[in-house]
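Participant: Sequence first, predicted coordinates after that:
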Amino acid sequence: MSEYISPVTRDSIFFYDDSRGLFVTLEGRHYPRADPQRLYSLLTWVDKGPVLTKKGVPRKRQPPPHKDETDTYYMAQLMHFGLKPLKTKPAAKKALLAAFGDGQDLKVPEKLQNLEVELSALWDAESEKAHIRYKQMEKERQKEQEKRKVEERRRHEAILAEFDEENTALEAEPSHKRKATNDGKAVQKKAKASGSGKKLPALDVQGKFVIEAPYLSENWPDHASSGLKLTLSPSRGTGKHLWGSFNFGILTGIIRCGAPPETVGETITFKWRGYEQGEGEMEYGPDNTGTITFRADGKIRGTMKGGFTEEFIFAGVRTQESQVWVKKVEHWKEQWRGINDRSYNAASASRWGGCSRDSYQEQPAGSDTTSAGEASDVSDGEDIFDVAF
């Protein structure tokens, strides 16, 4: 796609571009030279009244009404054919009709023909210059794009290297130091991050985090290369769960974690529900899980799997944006409870033009509606993520 070329002119009266040819601009409108035959038909049109039937009465269906051109149109045509411009429509039409004489053709003066050739050559020259500028700009843009790709690759490699380093440290940690469920799955792992074990400031657990996710940006560069974010906050009242809202470009949704972390290096698990951003299809289920490790200075690292993506890692840094984040949790809960089988089936039926019921809101879990200590998160023996939240 070449750069836009403005119309060229010598006298600010006649202009030229490749799409319209020679034209005149009057009162903000552009008027190319009219075809002589059409112009003649406009000038000689006479109202003959309605079309009649054989019985001499007007037909029900009449031709479309005649639509005349504006006074500026006729003034522009006078200029196109080398005639003195007149401001009133009747005078302009009379002068044009007189110029036709006995025939139905109107000649363009040689002076204006030469001007059109000159302006056409000038436009071609400007177009060539613009094309050269465009090619240079494209080279610069591609160089800048390659530079950004290299920087992004380095940033991703640094994130991956950091994960490898901390995973190696975690594997080297004695197994008795890890808290685990009855089935042996670690639920709160302490990675050997800087400052591990120290008390985690409350501000580092809530807020908006700018996210980097190498797998997503490499596979969906148009949608997940920038602008990824995750917002976290403990629930209001009970504070028994950490909730979050994420926008990862190709995926948006809600996460529900266990208790908020208390120490630097602590890893919590989460379940997520959301939407694929191409077709807007819901993504939910027992396999939609992830982890978040809270490091010092407002930094996090995490993993996420489920839906249509492979398991991927992400890292983030908390922004300085200041809000009362806990106020958003109720809305996040409503979104979470609205993503389920019944809502999915209703949305599917609506998408394909069928009849459907409204989306279904699950009932909140007991741990979301009672004070801390008055209700357990789930029934005995149930996994925290196998019940409706």
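Facilitator: Looks like it came in fine.

Participant: Point out where the protein drops to low pLDDT.
Facilitator: Low-confidence segments of the chain (pLDDT under 70): 1-3, 156, 159-160, 162-196, 322, 347-389.

Participant: So which residue is smack in the middle of the chain?
Facilitator: By Cα atoms, centre = their mean, the chain has its centre lying nearest to residue 223, at 8.3 Å.

Participant: Dihedrals phi and psi, that residue?
Facilitator: phi -120, psi -20 (degrees, to the nearest 10).

Participant: how close does it get to residue 317?
Facilitator: The gap separating residue 223 from residue 317 is 21 Å, by Cβ to Cβ, to the nearest Å. C-beta here means a position set from N, CA and C on the backbone, and glycine is covered the same way.

Participant: next one: residue 260
Facilitator: Residue 260 sits 19 Å away from residue 317, going by Cβ to Cβ.

Participant: Looking at these two, which is more packed in?
Facilitator: Neighbour count, other Cβ atoms under 10 Å: between residue 260 and residue 317, residue 260 has more, with 21 against 14.

Participant: Doesn't the more buried one lie inside a strand?
Facilitator: No - looking at residue 260 with DSSP: H, G, I helix; E, B strand; the rest coil, it is coil, so not inside a strand.

Participant: How far does stretch 95-103 sit from its chain's centre?
Facilitator: Distance of stretch 95-103 from its chain centroid, counting by Cα atoms, centre = their mean, to the nearest Å, is 57 Å.

Participant: Any buried residues in it, and which?
Facilitator: 95-96, 99-100 (16 or more other Cβ atoms under 10 Å).

Participant: mind saving the C-alpha coords of that stretch as CSV?
Facilitator: What follows is stretch 95-103, C-alpha atoms only, in CSV (Å, rounded to 0.1, in the frame of the first residue of the first chain):
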residue,chain,number,x,y,z
ALA,A,95,-24.1,30.2,-21.2
LEU,A,96,-23.2,26.5,-21.3
LEU,A,97,-26.1,25.7,-23.7
ALA,A,98,-25.0,28.6,-26.0
ALA,A,99,-21.5,27.1,-26.0
PHE,A,100,-22.8,23.9,-27.4
GLY,A,101,-24.2,25.7,-30.5
ASP,A,102,-26.0,23.5,-32.9
GLY,A,103,-24.2,20.3,-31.9
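
Participant: what does that stretch contact?
Facilitator: For stretch 95-103, the surrounding residues in contact (Cβ atoms under 8 Å, 6 or more residues apart in numbering) are 36, 39-40, 43-44, 74, 77-78, 81, 83-84, 86, 106.

Participant: element containing residue 115, please.
Facilitator: Element membership of residue 115, judged by DSSP states H and E, is helix 110-172.

Participant: which strands and helices sit next to that helix?
Facilitator: Applying 3 or more Cβ pairs under 8 Å, 6 or more residues apart in numbering; DSSP states H and E, one finds that helix 110-172 makes contact with strand 8-9, strand 14-17, strand 21-26, strand 207-212, helix 214-219, strand 299-306, strand 309-318.

Participant: Now the residue nearest to the centre of the chain: closest residue in space, sequence neighbours ignored.
Facilitator: residue 249 (4.1 Å; Cβ to Cβ, 6 or more residues apart in numbering).

Participant: so the one you found, which of the three states?
Facilitator: coil.

Participant: Wait, it touches residue 219, no?
Facilitator: No - using Cβ atoms under 8 Å, residue 249 is not in contact with residue 219; the gap is 10.3 Å.

Participant: neighbour-wise, which of those two wins?
Facilitator: Per other Cβ under 10 Å, whichever of residue 249 and residue 219 has more neighbours is residue 249, with 20 against 14.
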